[in-house]
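**Q** Have a look at this fold, sequence not included:
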């Protein structure tokens with residue numbers, strides 16, 4: 001018997017008998033969100049597709065990327081969270097031979113329960129397991145919960161936290177702006193040519209914040225959002241990271257459009273503060 005490391009919590013997991021003394025313990029190395037993600041688990045045994053998958057996470061994956069030569073990497077996504085009542089929890093990772101099973105609990109409210117709004121992307125976890133693992137599946141368990149009170153802390157946090165609606169790229173100058181009506185929101189989505197992916201926004205209760213990063217003049221340049229929060233009901237704060245190539249690093253000479261990040265925030269927000277952190281690859 002081995003144990004799954006997950007922040008302060010520890011869960012028992014089953015390892016294959018032949019790997020009992022040599023296989024490393026499963027470990028959760030990231031917990032966050034996967035905007036636009038589908039429920040399930042992706043298995044990475046080499047670098048093919050892994051950087052792109054990690055780049056979709058919100059907040060950004062800030063740690064050292066897992067070593068796929070030593071560990072198999074699992075990217076687990078829960079179901080969409082369509083209101084403030086919905087939560088997802090990873091509770092167990094078990095391995096047997098070359099297979100892994102990830103248990104995810106999804107909260108379910110009673111029929112007729114009126115949940116406060118609070119649409120959020122699917123919860124996501126990055127888990128490293130033994131190199132013996134070649135395939136994985138998700139065992140989803142529905143857990144009934146009572147209807148929460150409207151002033152419950154978890155409900156307030158879900159409603160008041162900035163929610164990433166879309167990440168894309170466009171030819172605009174770096175900066176931020178606030179959209180306060182449906183027409184301007186739809187016009188922006190049309191300009192991005194993603195109107196078919198536009199998440200509905202109730203502008204009587206929310207506003208949309210548009211963050212545009214700096215120009216990316218070569219293939220080594222990247223922009224990501226490390227943190228998003230409400231400093232006060234009237235001010236939203238975002239921490240952007242702009243990565244540049246290190247001295248002497250060879251980069252593809254391609255010009256890429258600036259990254260754009262579109263967030264939904266409460267209608268109380270009147271000001272956006274953006275801090276940019278520069279770093280080297």
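**A** Thanks, I have the structure now. The shown structure was predicted, so the numbers you read here are calculated from the model rather than taken from an experiment. Numbers count the residues shown, from 1 in each chain.
**Q** Leaving aside the residues adjacent along the chain, what's closest to the residue most central in space within the chain?
**A** By Cα atoms, centre = their mean, the chain has its centre lying nearest to residue 33, at 2.6 Å. Nearest residue to residue 33 in three dimensions, chain neighbours excluded: residue 121, at 4.2 Å (Cβ to Cβ, 6 or more residues apart in numbering). Using the backbone N, CA and C atoms, a C-beta is placed for each residue, glycine as well.
**Q** residue contacts, that neighbour?
**A** Applying Cβ atoms under 8 Å, 6 or more residues apart in numbering, we find residue 121 in contact with 33-37, 58, 80-81, 163-164.
**Q** now do residue 135
**A** 43, 98-100.
**Q** where's it relative to residue 276, distance?
**A** To residue 276, residue 135 is 41 Å away according to Cβ to Cβ, to the nearest Å.
**Q** and what of residue 262?
**A** 18 Å.
**Q** What of residue 45?
**A** Distance, residue 45 to residue 276, using Cβ to Cβ: 35 Å.
**Q** Provide a list of residues in contact with residue 240.
**A** 211, 213, 223-226, 274-277 are the contacts of residue 240 under Cβ under 8 Å, 6+ apart.
**Q** quick one: which of those sit in strands?
**A** 211, 223-226, 274-277 (DSSP state E).
**Q** longest helix of this protein?
**A** helix 182-191 (DSSP state H).
**Q** Now it: average pLDDT?
**A** Across helix 182-191, the average pLDDT comes to 94.
**Q** ok, now stretch 220-231?
**A** 92.
**Q** can you pull the buried residues of that stretch?
**A** Of all the residues in stretch 220-231, those buried under the rule 16 or more other Cβ atoms under 10 Å are 220-225, 228, 230.
**Q** and those as CSV, adding distance to residue 237?
**A** Shown next, in CSV, are those (distance: Cβ to Cβ, whole Å):
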residue, distance to residue 237
220, 27
221, 24
222, 21
223, 17
224, 16
225, 11
228, 7
230, 7
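**Q** Tell me which helix or strand residue 107 sits in.
**A** Using DSSP states H and E, residue 107 falls within strand 99-108.
**Q** Run the chain-centre distance for that strand.
**A** Distance of strand 99-108 from its chain centroid, counting by Cα atoms, centre = their mean, to the nearest Å, is 18 Å.
**Q** Just give the nearest non-adjacent residue to residue 233, would you?
**A** Using Cβ to Cβ, 6+ apart, the closest residue to residue 233 is residue 268 (4.3 Å).
**Q** pLDDT score assigned to that neighbour?
**A** Confidence score, pLDDT, at residue 268: 88.
**Q** burial measure for it, as a count.
**A** 15 (other Cβ atoms under 10 Å).
**Q** any idea how far it lies from residue 199?
**A** To residue 199, residue 268 is 20 Å away according to Cβ to Cβ.
**Q** And for residue 265?
**A** 13 Å.
**Q** Those two: which is more packed in?
**A** Using other Cβ under 10 Å as the criterion, residue 265 and residue 199 rank with residue 265 on top: 21 against 17.
**Q** Was I right to think the more buried one contacts residue 230?
**A** Yes - assessed by Cβ atoms under 8 Å, residue 265 is found in contact with residue 230 at 7.2 Å.
**Q** what sits in contact with each of the two?
**A** By Cβ under 8 Å, 6+ apart, the residues touching both residue 265 and residue 230 are 162, 236.
**Q** May I ask which helix or strand of this protein has the lowest mean pLDDT?
**A** strand 9-13 (a mean of 46; mean pLDDT, DSSP states H and E).
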